[in-house]
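*Asks:* I'd like to go over a predicted model; first the sequence, then the structure.
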Amino acid sequence: MCGIVGYAGSRPAAPILLRALQDLEYRGYDSAGVAFLSNSGDDEPLTVTKRQGKIANLVEALDANGSPKATTGMGHTRWATHGRPTDLNAHPHVSCNGEVCVIHNGIVENYAELRTQLREAGHTFASETDTETIAHLLEDRIREGASLLDALRKTTQQLEGSQAVVAMSPSEPGVLVAARVGNAGGVVVGYADGEMFLASDLAAILPHTQRVAFLADGQLVRIDERGAQFCDSAGVPFEPETREIPIDPVSALKGTYPHFMLKEMMEQPEALSDTIRSVATLQPASLHLDELGPVNDRLADINRVVLIGMGTSLHAAMVGRRYIEELAGIPAEIDNASEFRYRKPILDERTLIVSVSQSGETVDVLEAMAVAKKTGATLVTICNTEGAQTTRVADGTVYTRAGLERGVASTKCFTTALAALYLLALRLGEARGRLSQPEIEDHIQSLLRIPDAAARVLKDDGAYRSVAERLYEAEHIMFLGRALAYPVALEGALKMKEISYIHAEGYAAGEMKHGPIALIDRTFPSVAVATRHALHAKMISNIEQVQARAGEVVVVVTEGDKEIPASADHALAVPDVAPLLEPIIATIPLQFLAYHIAVLRGCDVDQPRNLAKTVTVE
Ligand code: G6P
């Protein structure tokens, strides 16, 4: 989950690395650090500066020492796993004789054992981290005469667990090496004129170049200002496939918005429109999910679908299950990827696995996909990141076209994932002959109305703000929904706890009477999602049951609803849309509620405590 970046070129590395760390800070913000290799004999060969807390602390420390002129360097922003978030535990980590320096993403699962062996051999450790063992192991290899790349290749073979490692050494000025082992962290290599980049993800590289290559499991790379050399875990050189990434780096900027989350919520109409229009046309009504590739030919034979994901993406998968059952008529299940991977799931060639992951790098999703792949099942991923690891493991992809999402709390990637799942379900229904051409046309028409409906929901900011003012001091909030509004309730509760730190629970409203209702009193408000097609009548009686216990209720209703707003304490109205598409629209008021409450409580909306955008450790 940490952010890593490396630079080799002819420009001063410091501003490039600091800018990249800002772009990567959403991956972890417990500490930040940089290291530079000198290219003149007058300076220290290797300098490291690192500070606990946000990047601003690191910038201050660097400013105090005078900005380094080195043109080779690495930077790291940390999400702590082993060792507290202190200056000493911050990356980069240097070996005891200062011969090598590393940054790392992932977990060295056998670090305790390695550390004992290294200590017995005379190494002394400066930090509590698992990462530092890598620096010491590398130093031993270099002392045996290995090149930095070969030292890294041999060292990674001693490490258990999944990781991405970047290293540099004064013994090879101007050089950085990197390795990817398993699924814990991506490594992207960026090619520019006379300079090269390494990073954990595209956000750090796109401001400089759109030409990139990705490391797969077991691959290594060595860069200097002239280019890159790749090899596999046996040391055999190879040429990777390079790609041009069509993402506009400007879209990653906050612009005039105070927070990325707000900007990303406001971008939902365009993101939805881009996602839908990238694969669906109306005249003639057709679906062209080209990135599904060979999967398109296998869809007619699919007899079961299993959807997997984590966090917000798992909630999207829950909605997707219903889409697949209703539109394609295929039995569908969902599973939390971190649980699925440790079961012995019974799958076969006619099972379709649909992983949902905006980053395409979530380790549990990747491991679950690896489990599924061994069974011969067909794998499709719903992903927002061009070229991400899930898209390379899957047999086919449906891309969401949301643009970079930087807020840790996912918003536009959730609603666009629902649109992508709907499109996939339609394609499955078409391939199986369950949906007629006129039906497909109707569905595409309904989908194409969604961006406008989303834009209308976004206009109602004053209403969300005034409800937020009522609720922001609550200690607990219950979110309730039935049918397709149930995953919406779960997502509303997740958004609330992620960014406002209010204890929030999402419940199927029918479950209320089986325990949760005991919690309700005048201090425990509820948010009920009671749109027209989400078992409206049943929701009315659930709302009344809460009110009968003095609980305050905020209700998300469909415009024109005459029954609920009369009794609810606060009603937030959303436009009437096709029944299955209600979750896309009903989620947006809940995003706003969480956002405004977090702002009122003075929380760090884009970088909530303890969280990270992309979870690459178990
Ligand atoms: C983290 C993020 C969530 C996200 C989840 C899954 O927990 O904070 O916002 O939903 O990971 O991420 P993915 O990239 O797989 O969708």
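*Replies:* Everything's here; your move.
*Asks:* wait, a helix at residue 398?
*Replies:* No: using DSSP: H, G, I helix; E, B strand; the rest coil, the secondary structure at residue 398 is strand, not a helix.
*Asks:* check which helix or strand residue 505 maps to.
*Replies:* In the assignment (DSSP states H and E), residue 505 maps to strand 503-508.
*Asks:* name the residues that touch that strand?
*Replies:* 475-482, 486, 489-494, 496-497, 516 (C-beta atoms under 8 Å, 6 or more residues apart in numbering). Glycine gets a C-beta too; all of them are placed from N, C-alpha and C.
*Asks:* at 10 Å what do you get?
*Replies:* Here strand 503-508 makes contact (C-beta atoms under 10 Å, 6 or more residues apart in numbering) with 315, 474-483, 485-498, 514-517, 519, 524, 526-527, 529, 542, 590, 594, 597.
*Asks:* now, which of these lie within strands?
*Replies:* Among the contacts of strand 503-508, the members found in strands (DSSP state E) are 476, 477, 478, 479, 480, 481, 526, 527, 529.
*Asks:* top of those residues by number of neighbours, please.
*Replies:* Counting neighbours by other C-beta atoms under 10 Å, residue 529 leads the ones in strands among the contacts of strand 503-508 with 33 neighbours.
*Asks:* so which bits of the chain are right by the ligand?
*Replies:* Selection of the chain residues close to the ligand by C-beta under 6 Å from any ligand atom yields 310-313, 357-359, 362, 365, 408-410, 611, 613-615.
*Asks:* 5 Å instead, please
*Replies:* By the rule C-beta under 5 Å from any ligand atom, the part of the chain lying against the ligand is 310, 311, 312, 313, 357, 358, 359, 362, 408, 410, 615.
*Asks:* look up how far residue 515 lies from the second one.
*Replies:* Counting by C-beta to C-beta, to the nearest Å, the gap from residue 311 to residue 515 is 24 Å.
*Asks:* looking at these two, which one has more neighbours?
*Replies:* Legend: neighbour count by other C-beta under 10 Å for residue 311 and residue 515, higher for residue 311 (22 against 9).
*Asks:* that one reaches residue 497, doesn't it?
*Replies:* No: assessed by C-beta atoms under 10 Å, residue 311 is found out of contact with residue 497, at 11.3 Å.
*Asks:* identify the contacts common to these two.
*Replies:* When contacts are counted by C-beta under 10 Å, 6+ apart, residue 311 and residue 497 are jointly contacted by residue 409.
*Asks:* one step back: Throw the ones in strands among the contacts of strand 503-508 into CSV and include pLDDT, thanks.
*Replies:* Shown next, in CSV, are the ones in strands among the contacts of strand 503-508 (pLDDT from 0 to 100):
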residue, pLDDT
476, 95
477, 95
478, 94
479, 96
480, 94
481, 95
526, 93
527, 95
529, 95
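*Asks:* list the helices and strands the helix or strand bottoming out on mean pLDDT in the chain packs on?
*Replies:* Of all helical and strand segments in the chain, the minimum by mean pLDDT, DSSP states H and E falls on helix 564-567, at a mean of 73. Using 3 or more C-beta pairs under 10 Å, 6 or more residues apart in numbering; DSSP states H and E, the elements in contact with helix 564-567 are helix 536-548, strand 553-558, strand 570-574.
*Asks:* before we move on, back to that, ok, so of the ones in strands among the contacts of strand 503-508, who is nearest the ligand?
*Replies:* Distance to the ligand across the ones in strands among the contacts of strand 503-508 (C-beta to the nearest ligand atom) is lowest for residue 479, with 16.5 Å.
*Asks:* now for the closest one: which residues touch it?
*Replies:* Residue 479 makes contact with 485-486, 488-496, 504-507, 509, 526-529, 554, 556, 590, 593, according to C-beta under 10 Å, 6+ apart.
*Asks:* what bridges to it?
*Replies:* For residue 479, the beta-bridge partners are residue 506, residue 527 (DSSP bridges).
*Asks:* cool, residue 378 as well?
*Replies:* Taking DSSP bridges as the rule, residue 378 bridges to residue 352.
*Asks:* could you give the number of residues near it?
*Replies:* As a burial measure, residue 378 scores 24 neighbours (other C-beta under 10 Å).
*Asks:* go ahead and confirm it touches residue 303.
*Replies:* No: using C-beta under 10 Å, residue 378 is not in contact with residue 303, being 11.3 Å away.
*Asks:* returning to that earlier point: make a markdown table out of the helices and strands packed on helix 564-567 and add mean pLDDT and mean neighbour count.
*Replies:* Shown next, in a markdown table, are the helices and strands packed on helix 564-567 (pLDDT from 0 to 100; neighbours: other C-beta atoms under 10 Å):
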| stretch | mean pLDDT | mean neighbour count |
| --- | --- | --- |
| helix 536-548 | 80 | 16 |
| strand 553-558 | 93 | 24 |
| strand 570-574 | 92 | 21 |
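*Asks:* for the strand holding residue 505, what is the average pLDDT?
*Replies:* Averaging pLDDT along strand 503-508 gives 94.
*Asks:* quick one, that strand and strand 476-481 angle?
*Replies:* Relative orientation of strand 503-508 and strand 476-481, computed by axes from the mean of the first three to the mean of the last three C-alpha atoms, to 10 degrees: 20 degrees.
*Asks:* strand 503-508: which residues count as buried?
*Replies:* Using 16 or more other C-beta atoms under 10 Å as the burial criterion, the residues of strand 503-508 that qualify are 504, 505, 506, 507, 508.
*Asks:* swap in stretch 134-153?
*Replies:* Neighbour-count burial for stretch 134-153, counted by 16+ other C-beta under 10 Å, picks out 134-142, 146-153.
*Asks:* just stretch 461-480 next, same as before
*Replies:* In stretch 461-480, counting by 16+ other C-beta under 10 Å, buried: 463, 464, 465, 467, 468, 471, 472, 474, 477, 478, 479, 480.
*Asks:* these two touch, right, the fifth one and residue 502?
*Replies:* No: here residue 468 does not reach residue 502: they are 11.1 Å apart, not a contact under C-beta under 10 Å.
*Asks:* what touches both of the two?
*Replies:* 594, 597, 598, 601.
*Asks:* show me where pLDDT drops low in this protein?
*Replies:* Along the chain, the model assigns pLDDT under 70 to residues 1, 40-42, 184, 246-255.
*Asks:* for the stretch 201-350 of the chain, which segments count as strands?
*Replies:* For the stretch 201-350 of the chain, applying DSSP state E, counting those that start in this stretch gives strands covering 211-214, 220-224, 227-231, 237-238, 243-244, 280-281, 286-287, 304-309, 332-336.
*Asks:* adding mean neighbour count and distance to residue 395, write these out as a markdown table.
*Replies:* Shown next, in a markdown table, are those (neighbours: other C-beta atoms under 10 Å; distance: least, C-beta to C-beta, whole Å):
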| stretch | mean neighbour count | distance to residue 395 |
| --- | --- | --- |
| strand 211-214 | 19 | 18 |
| strand 220-224 | 23 | 26 |
| strand 227-231 | 17 | 25 |
| strand 237-238 | 8 | 23 |
| strand 243-244 | 12 | 19 |
| strand 280-281 | 18 | 21 |
| strand 286-287 | 17 | 18 |
| strand 304-309 | 26 | 14 |
| strand 332-336 | 19 | 18 |
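*Asks:* out of those, which is closest to residue 19?
*Replies:* Judged by C-beta to C-beta, the one of the strands of the stretch 201-350 of the chain that comes nearest to residue 19 is strand 211-214, at 17.3 Å.
*Asks:* parallel or antiparallel, list what pairs with whichever strand or helix holds residue 35.
*Replies:* Residue 35 is located in strand 31-37, with elements delineated by DSSP H and E. Paired strands of strand 31-37, with direction, are strand 46-52 (antiparallel), strand 72-78 (antiparallel) (DSSP bridges).
*Asks:* nearest to residue 537, of those strands?
*Replies:* Of all these, strand 72-78 sits nearest to residue 537, with 50.3 Å by C-beta to C-beta.
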